[in-house]
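> Turn this into a structure:
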Amino acid sequence: MLKFIRGKGQQPSAERQKLQRELFAFRKTVQHGFPNKPTSLAWDPALRLLAVGTASGAIKIFGKPGVEFYGQHSNHESAVTKIVFVPNEGRLVSLCDDNSLHLWEVNGSILEEVKEHSLEGKLKKISALCLESAREHLLLGTEGGNIYLLNLKTFNMSETIIYQDVVMQNVPEDYKINPGAVEAIAEQPGCPDKILIGYNRGLMVLWDRKAPGADQTYISSQQLESICWHKSGSRFTSSHNDGSYAVWDVGVGEKPLEEPNTIYGPFPCKAVTKFLWRQSKGDDYILFAGGMPRASYSDRHAITVQQGKKHVVFDFTSKIVDFFTIAIEGEDPEFGEPDTLIVLLEEELVAIDLLSEDWKMLSLPYLVSLHASAVTCSQHISNVPVQLWEDIISAGKKQVQDLYSSREWPITGGVILSEKENGKEDNNEEPEVTRNLLLTGHEDGTVRFWNASGIALQPLYKFASAGLFSGDEIGGDGSNGVADDDEEEWPPFRKVGTFDPYSDDPRLAVKKVVLCPLTGTLVVAGTAGSVIVAKIGSEQVEKEVKVTTMNVVSDRDGFVWKGHDQLTPRSGNISLPPGFQSSAILQLHPPAAVTALVLHSEWGLAAAGTAHGLALFDFVRHKGVLTKCTLNPNDLSGAGDAPISRRKSFKKSLRESFRRLRKGRSTRHADKRGTGTSPTAEKKRDGGGDASTPSSAPLSPVEPKPVERQVEARPVDDGQGSMVRCLYFARTYIISVQSMTPTLWAGTNNGTVFVFTITVPGGQKRTEEDVSCQLGKEIQLKHRAPVISVSILDGASVPLPDPLEVERGLAKQVDTGTPHRVVICSEEQFKIFTLPSLKPFCKFKLTAHEGSRVRRVGFASFSTSRPDSSTQYTESCLLCLTNLGDCIVLSVPELRRQLNAAVIRREDINDSVLGETKRGDQGLKISGREEGGLQNTQERDKYEYFEEECSFENGISSLTFTKNGEAFYLHSSSELQRITLSASTITQPRCCLELPEGARPKATETDEEDMEDEDDDEEGDEEKGDEGKIEGRESAAPSPTAQEVQAIPPTVNGDTDHAEPIIQEPDEPKENGTEEDRHDMSALSVGDITIDSVKDHLMTSSEENRITEIKNERLEFSTRTETQSVVKTTVISSGTTVVNSTNSSNN
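Predicted coordinates:
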């Protein structure tokens, strides 16, 4: 009882809580890369905006670089099948595959959904959309053949309906029976009252809406795919499923002007799915998708562009979603002469410059395919020196100078607020520019450099390692150019795009990458035990790259390697272009995948770890310094022959969970046989089942100390225990407190930490004498949990700076006044030891208290400006990502919890995050079962759950922390989600649209009344939704839309008013931090914090009792008056806490 009372009184001071709010806040900021599974495309020629819809219900609008707007439909499982812009109004209409229509508006910096309308019934399934030139109605063609009119002002259906029966009155008898669905609708240029209706079976009707009646009927013998008017309005084209297209005269309906043209015939061809006819000063442009010969090129994804004798078939590596043309300024925005072709594919966006002679591609400022080859690793670099930045950009431009056109990006809509503000101030001073790099390693052996300083992630440079190795499976860089050189090939294909998911050799895949920005040294480690050291160079050189081989298992005579062979380095001189030029290659034996990598450019050393041990390499003298085998002497079967099996670890985790469950049951039976049960014991038993679930805790202002799980020690002979998980260089106190010594720290999978002391010759002797290294100390963690990070704090509790940062004035001098401390992070806990004695200082038990495991660790600086000081206040904190997707911010060295936020949720991760190889294997297995008849629903659900778990785990493993409190993780295989844990470092779009005055129609009084009624209905729905959220607290809240992110601050922003105290025993003041750590800044799940729960913690007991009485009366009243079984007002009591779901909507 004394512990409980003493723990209850310890809370952070008001000043500290205020400081926490100024320092820490979680927010999802911006998404980089290419949208996952795009399904629709739209273009606003007036505002020059591009919109993309996805299979998960997301809508993204892009203008000039830095102008981005995000929206999300409430139904995440409904794909956006079509998007139509209302030109010059900043509004668009989206159609989802659940047959619902949604009206969106760009208001300020947010894209918000303002209205929704749904059509029910199979015959009312929308198959075609067409916007009137007057922009009053949206024409909806349906599968039943009728055409409905949607009023864009009220977003309700107009009473006017174009019935199929009426249209069919003057049609031949064969088509009156079943003309098919409405395939296309197009308004005749110059005649807004006439529309061309195309039906699926090939019938086309020119319908006069004013008369109303049919002016002309056009009959084709082939199934219709699309229609397109000529600018004159006197002719139009129709494309068909047999690969042909026909040109029709408006006044002649019996047959087209000429026989249907099948360009790639006469043999059967694929359908021409979309056809565009654009006028030009010379010959007109003809653009269409499909039409390839079925026998020879049925697998090609192609768009044909033809202007007179100029004829090119653009060959893409993924399926075509949609395409459009951008007209030259001053021309007709829809039918005028085009200057750019924009093509949206399933895996990338491609822009073709139609003004250039050879129709080159345009360089993309955004929507670049991160996954041109699957991403395998990443690293973030802050504050890159100007010289290195310029060298990287210069080298990158030389790589693509012959590939891309030099014309500016044509999509220029929107206004960036910072530029607008600077223009108003007329300030000649240039704003401070940050230079941040994001490095991504890929399956094809490349490392790509991205400009991560702003909203758009822009490619800068690509380092390719394949050219350093030779082999039959490794192709040259120009392998794709064979088809381009064959001028006689028909159709005249030209490969375009950058998406190429296939790797010549899986051994090329990059596993780790490290860059030292101050010396321009890059180290790349691969799957086959190869470590490449490269340095930046501005001129092309031709030299021989020296290769050094180090045997990690040299002291294990009985070891047999059963895995893949190493890559064969090229001999002789190699031509190295400007950029990062390889200077040394380290080849480890056995050639297992590198699992850890570290670089110290000042010492000229690099260290690499594998599943067998580690090697220390001197790349200045090209000599090996040390090898350390970590294999168990009793197990020499060849660890690391295959990658880590997640399935094995998942099964192992399940077995351990069942063991704990059986132990828990036996403990409960033993308690029942006891003399009595205390309330504290009951609470421990209730919380012992799954303390990682936030909803398992009672709704009370004060919680008891969390139950500590029994964590079983891992076996010593674990097959993967020898794997090196982390490496760390540091100059610190390891021998005595009198002098600092260069050291290398290595952590393994079985909880062992090796500390090596290094002697580095100084001055000119560095190139003449060898570097020596020897084992100094060895630490063994009790439970043998994998060590995933080792870091050292100086006397001021600040992580030691990177090499040369102090010398270059980028970091403060290391504090040597007090002893250093080492932070050892395992999967289960954090422990801090004092150096050099290695005396324990404090620890934070994560797995024992919360049931989660550590997956990623990093350090970051959090700053805020103080009103009473001209300087900024800065704290260095430890960042941690768990296997549940939660990010925890801990202060050092006390390890007090500052923020706890649900960063990655399962519904946020798309299954395409799964690696290409793994996903392909599993996909074949699952699809094979389905083809054979997977009738068992439970079996299908089991495979879907397994794939979801693997995707979630891969999303977590991809996260990379930055030094300023931000992080990147793969939201899908093609998208990076950027988040921030800092209240001051926020990278998000600050943009708007400048609309002409009176661009949007004003709602009438009747419309406003309808909107008010809809708002009332929405409020009622919110009340019901909030009740469901409170009663089912385990269900996670859906991802917020762009409107919600801007209008309502996230509840995980570290607001101490939303916090729930954490009580723990004062007997262990240094475990999980000191007593002041008992203030959790946010819950583990976004859905667990509501306005009611906050008020419950702030209310007094008298206020609670009063509100309880009021709500009980309301509940009784609603029970008497309501005849239905649904009760809108629900009171949930737990102890003295009352939660009423209706308050959240009212507040």
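> so where is the stretch 801-950 of the chain shaky, pLDDT-wise?
Residues of the stretch 801-950 of the chain that meet the criterion pLDDT under 70 lie in 869, 910-950.
> could you pull out the helices for it?
For the stretch 801-950 of the chain, applying DSSP state H, counting those that start in this stretch gives helices covering 847-850, 916-931, 937-957.
> Give the buried residues for the first one.
Burial within helix 847-850, assessed by neighbour count using 16 or more other Cβ atoms under 10 Å, is assigned to 847-850. Placement of C-beta: from N, CA and C, glycine included.
> now, among the residues you listed, which is nearest to K176?
E850 (69.5 Å; Cβ to Cβ).
> contacting residues for E966?
29, 380, 860, 978-982, 985, 987 (Cβ atoms under 8 Å, 6 or more residues apart in numbering).
> show me where pLDDT drops low in the protein?
In the chain (pLDDT under 70), the answer is 1-10, 420-432, 472-488, 634-719, 869, 910-951, 1002-1147.
> Next, name the residue at the spatial heart of it.
H971 (2.5 Å; Cα atoms, centre = their mean).
> how close does that residue sit to E68?
Using Cβ to Cβ, to the nearest Å, H971 is found at 15 Å from E68.
> What of Q401?
28 Å.
> same thing with A611?
42 Å.
> Just the C-alphas of the helix or strand hosting I574, formatted as CSV.
For I574, the enclosing helix or strand under DSSP states H and E is strand 573-576. In CSV, the C-alpha atoms belonging to strand 573-576 read as follows (Å, rounded to 0.1, in the frame of the first residue of the first chain):
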residue,chain,number,x,y,z
ASN,A,573,41.2,-1.7,-65.2
ILE,A,574,37.6,-0.6,-64.9
SER,A,575,36.2,2.6,-66.3
LEU,A,576,34.6,4.5,-63.4
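> From the chain's centroid, how far away is the helix or strand just after that strand?
Next along the chain after strand 573-576, taking DSSP H and E as the criterion, comes strand 579-589. Its chain's C-alpha centre and that of strand 579-589 lie 31 Å apart, by Cα atoms, centre = their mean, to the nearest Å.
> What strands flank the helix or strand following strand 579-589, and is each parallel or antiparallel?
Using DSSP H and E, the helix or strand that follows strand 579-589 in sequence is strand 596-600. Strand 596-600 has its sheet partners listed here by DSSP bridges as strand 605-609 (antiparallel).
> Name every strand pairing with the helix or strand just after the partner strand and say which way it goes.
Next helix or strand after strand 605-609 toward the C-terminus (DSSP H and E): strand 613-618. Strand 613-618 pairs in its sheet with strand 605-609 (antiparallel), strand 623-629 (antiparallel), by DSSP bridges.
> For strand 613-618, buried residues please.
Buried, per 16+ other Cβ under 10 Å, within strand 613-618: 613-618.
> would you turn those residues into JSON lines with distance to A271?
Converted to JSON lines, these look like this (distance: Cβ to Cβ, whole Å):
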{"residue": "G613", "distance to A271": "59"}
{"residue": "L614", "distance to A271": "58"}
{"residue": "A615", "distance to A271": "58"}
{"residue": "L616", "distance to A271": "61"}
{"residue": "F617", "distance to A271": "58"}
{"residue": "D618", "distance to A271": "63"}
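> about what we covered before: more crowded one of A611 and E68?
A direct count of neighbours by other Cβ atoms under 10 Å for A611 and E68 places A611 higher, at 28 against 23.
> wait, that one sits on Q720?
Yes - between A611 and Q720 there is a contact under Cβ atoms under 8 Å: 6.9 Å.
> any chance you could map the helices in the stretch 301-450 of the chain?
Listed in chain order, the helices of the stretch 301-450 of the chain (DSSP H, counting those that start in this stretch) span 386-400, 417-425.
> Out of those helices, which is the most enclosed?
helix 386-400 (a mean of 16; mean count of other Cβ atoms under 10 Å).
> related to what we said a few turns ago, how far away from the center of its chain is the strand holding I574?
Distance, centroid of strand 573-576 to centroid of chain: 37 Å (Cα atoms, centre = their mean).
> is it true that S891 touches E875?
Yes - at 6.7 Å, S891 and E875 qualify as touching, with contact defined as Cβ under 8 Å.
> Mean neighbour count added to the strands paired with strand 613-618, as CSV?
Converted to CSV, those look like this (neighbours: other Cβ atoms under 10 Å):
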stretch, mean neighbour count
strand 605-609, 27
strand 623-629, 19
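> For K963, find the nearest of those strands.
When those are compared by Cβ to Cβ, strand 605-609 sits nearest K963, at 21.2 Å.
> of the buried residues of helix 847-850, closest to S601?
For the buried residues of helix 847-850, the nearest to S601 is T847 (36.0 Å; Cβ to Cβ).
> out of everything not next to it in sequence, what's closest to the closest one?
Nearest non-adjacent residue to T847, counting by Cβ to Cβ, 6 or more residues apart in numbering: E828, 3.9 Å away.
> Likewise for S40?
In space, and not counting its chain neighbours, S40 is closest to G53: 3.9 Å by Cβ to Cβ, 6+ apart.
> do you know how far that neighbour is from S465?
Separation of G53 from S465 (Cβ to Cβ): 37 Å.
> between the two, which one's more packed in?
The neighbour count for G53 versus S465, taken as other Cβ under 10 Å, is higher for G53 (30 against 23).
> List the beta-bridge partners for that one.
With DSSP bridges as the rule, G53 is bridged to S40, I59.
> That one: what's it in contact with?
So G53 contacts 38-42, 59, 79-83, 94 (Cβ under 8 Å, 6+ apart).
> from these, which two are the most distant?
Longest span within the contacts of G53, Cβ to Cβ: A42 and A79, 14.7 Å.
> sorry, back to before: determine which of the helices of the stretch 301-450 of the chain approaches L438 most closely.
helix 386-400 (12.2 Å).
> which residues make contact with that closest one from outside it?
363, 435, 437, 449, 459-462, 517, 520, 536, 538, 577-580.
> Relative to the whole chain's centre, how far out is that helix?
Chain-centre distance of helix 386-400: 26 Å, with Cα atoms, centre = their mean.
> now stretch 204-212
Centre-to-centre, stretch 204-212 and its host chain are 48 Å apart (Cα atoms, centre = their mean).
> With stretch 446-463 instead?
On Cα atoms, centre = their mean, the centre of stretch 446-463 falls 15 Å from that of its chain.
> Convert it to PDB, retaining C-alpha atoms only.
Written as PDB, here are the backbone C-alpha positions of stretch 446-463 (Å, rounded to 0.1, in the frame of the first residue of the first chain):
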ATOM      1  CA  THR A 446      22.200  -0.200 -56.900                       C
ATOM      2  CA  VAL A 447      22.200   2.500 -54.200                       C
ATOM      3  CA  ARG A 448      20.000   5.500 -55.100                       C
ATOM      4  CA  PHE A 449      20.400   8.900 -53.600                       C
ATOM      5  CA  TRP A 450      17.300  11.000 -53.000                       C
ATOM      6  CA  ASN A 451      16.800  14.600 -52.000                       C
ATOM      7  CA  ALA A 452      14.800  14.300 -48.800                       C
ATOM      8  CA  SER A 453      15.000  18.000 -47.900                       C
ATOM      9  CA  GLY A 454      11.400  18.900 -48.900                       C
ATOM     10  CA  ILE A 455       8.000  17.600 -49.800                       C
ATOM     11  CA  ALA A 456       8.900  15.900 -53.000                       C
ATOM     12  CA  LEU A 457      11.500  13.000 -52.900                       C
ATOM     13  CA  GLN A 458      13.700  13.700 -55.900                       C
ATOM     14  CA  PRO A 459      16.300  11.400 -57.400                       C
ATOM     15  CA  LEU A 460      19.800  12.700 -57.500                       C
ATOM     16  CA  TYR A 461      22.200   9.900 -58.300                       C
ATOM     17  CA  LYS A 462      22.500   6.100 -58.700                       C
ATOM     18  CA  PHE A 463      25.500   4.100 -57.700                       C
END
